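Q: What would the 3D arrangement of this be:
(one chain, ligands or ions: 1)
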Amino acid sequence: MLEVRDLDLFYGDAQALDDVALDVGEGEIVAIVGANGAGKTSLIRTIAGMNRPARGSIRFEGAEIAGEPSHRVCNLGIGQVAEGRQVFPTMTVRENLELGASLPRARSGAREMMDRVLGLFPRLAERLGQAAGTLSGGEQQMLAISRCLMGRPRLVMFDEPSLGLAPTIVQDVFAIIRQLNADGFTIVLVEQNVAQSLSLAHRAYVLESGRIAMTGTGADLLDDPGVRRAYIGL
Ligand code: ATP
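A: Sure, this is the predicted structure:
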């Protein structure tokens with residue numbers, strides 16, 4: 001579904017991605033793990049059309065999207081749940097959801113998707129008229145995920161979805177990602193919670209200083225002594 005090759009990204013003179021290659025097959029959960037500053041967010045933002053790569057190719061379902069603007073990438077079916085629960089705080093839950101459906105690809109199916117999303121997240125259904133900024137942290141993350149789904153993505157990229165959430169809510173977020181995958185969404189997952197993301201992922205990539213240092217099944221990387229030492233602390 002997604003094929004990244006030879007990808008280089010610079011911020012000024014500083015290279016953030018160096019010759020990155022990555023594949024995501026339809027129906028997979030693919031995790032990207034790495035230390036702070038390794039380039040995980042940069043990679044997701046480059047795929048999403050928010051950073052312009054200096055070199056390389058990004059193909060989504062056969063179409064070249066490297067350097068395309070983000071609204072076009074979104075409209076092809078790549079959704080992103082950005083780090084930090086990005087909801088519009090003064091808008092209601094309903095308005096946030098409706099905004100998610102403003103992509104051309106999503107307009108005609110918006111009502112059906114709203115029903116589906118509210119079925120997944122009954123707490124949001126109870127709070128449609130409430131200002132998004134007054135939701136709890138966990139509820140805001142559910143709303144950020146729901147708003148992304150309203151755009152009818154086929155691939156959903158999550159950037160640190162559990163960051164700053166209480167442990168019980170973190171479990172909910174992982175359960176939701178598993179559920180979305182079972183419902184047919186393909187997933188790219190960047191998570192500081194390395195052990196959990198590797199257990200959830202079919203395959204994973206380890207990013208070190210902007211380069212892919214290792215790749216394998218989630219289970220293989222979870223068993224790898226180097227990965228355990230560096231990222232899990234065992
Ligand atoms: P974290 O887990 O801390 O979020 P990350 O793996 O997501 O880290 P990135 O945020 O992609 O890493 O950052 C990769 C490198 O690029 C870092 O050295 C960072 O300082 C740098 N960087 C990121 N965004 C910018 C920017 N807009 N301008 C300049 N440098 C940037």
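
Q: What's the mean pLDDT across the helix or strand containing His71?
A: Using DSSP states H and E, His71 falls within helix 70-76. Confidence over helix 70-76 (mean pLDDT, whole number) is 94.

Q: now stretch 115-134
A: On average, the pLDDT along stretch 115-134 is 95.

Q: Start and end of that stretch, how far apart?
A: With C-alpha to C-alpha, to the nearest Å as the measure, the first residue of stretch 115-134 is 22 Å from its last.

Q: about what we covered before: go through the helix holding His71 and flag the buried ones.
A: When neighbours are counted by 16 or more other C-beta atoms under 10 Å, the buried residues of helix 70-76 are found to be 70, 73-76. (Each C-beta comes from the backbone N, C-alpha and C, glycine too.)

Q: with those in mind, which one is nearest to Ala31?
A: Distance from Ala31 was checked for each of the buried residues of helix 70-76 by C-beta to C-beta. The minimum falls on Val73, at 20.9 Å.

Q: Ignoring the adjacent residues along the chain, who's closest to that closest one?
A: By the measure of C-beta to C-beta, 6 or more residues apart in numbering, the closest residue to Val73 outside its immediate chain neighbours is Gly49, 3.9 Å from it.

Q: my read: that neighbour touches Glu64, true?
A: No. The pair Gly49 and Glu64 does not pass the contact test of C-beta atoms under 8 Å, sitting 12.0 Å apart.

Q: which of the two has more neighbours?
A: For the pair Gly49 and Glu64, the greater number of neighbours falls to Gly49 (21 against 11), based on other C-beta atoms under 10 Å.

Q: ok, that one - contacts?
A: Taking C-beta atoms under 8 Å, 6 or more residues apart in numbering as the definition of contact, the neighbours of Gly49 are 65, 67-74.

Q: How about the residues of this protein by the ligand?
A: With C-beta under 6 Å from any ligand atom as the criterion, the chain comes near the ligand at residues 11, 14, 16, 34, 36-42.

Q: Relative to Ala166, which of these is nearest.
A: Top of the list for closeness to Ala166, among the residues of the chain next to the ligand and by C-beta to C-beta, is Asn36 at 21.8 Å.

Q: Please report the distance of that closest one from Leu222.
A: Applying C-beta to C-beta, to the nearest Å, one obtains 20 Å for the distance of Asn36 from Leu222.

Q: Can you tell me the number of residues neighbouring Ala195?
A: Other residues within reach of Ala195, judged by other C-beta under 10 Å, total 16.

Q: what's the answer for Met50, then?
A: Look at Met50: counted by other C-beta under 10 Å, it has 15 neighbours.

Q: which SS class is it?
A: Secondary structure for Met50, judged by DSSP: H, G, I helix; E, B strand; the rest coil, is coil.

Q: Can you give me every residue that contacts it?
A: Met50 is in contact with Ser70, counting by C-beta under 8 Å, 6+ apart.

Q: what about the helices in this protein?
A: Remark: helices assigned in the chain by DSSP state H are 40-47, 70-76, 93-100, 104-107, 110-120, 122-125, 137-150, 167-182, 194-200, 218-223, 225-227.

Q: Quick one: closest of those helices to Gly27.
A: Counting by C-beta to C-beta, Gly27 lies closest to helix 167-182 out of the helices of the chain; the figure is 7.4 Å.

Q: Show me the contact partners of the closest one.
A: Counting by C-beta under 8 Å, 6+ apart, 27, 29, 120, 137-138, 141-142, 145, 149, 156, 158, 161-162, 165, 187, 189, 193, 196, 200 sit against helix 167-182.

Q: Quick check: buried residues in that helix?
A: 169-170, 172-174, 176-177, 180-181.

Q: between that helix and helix 137-150, how many degrees?
A: 10 degrees (axes from the mean of the first three to the mean of the last three C-alpha atoms, to 10 degrees).
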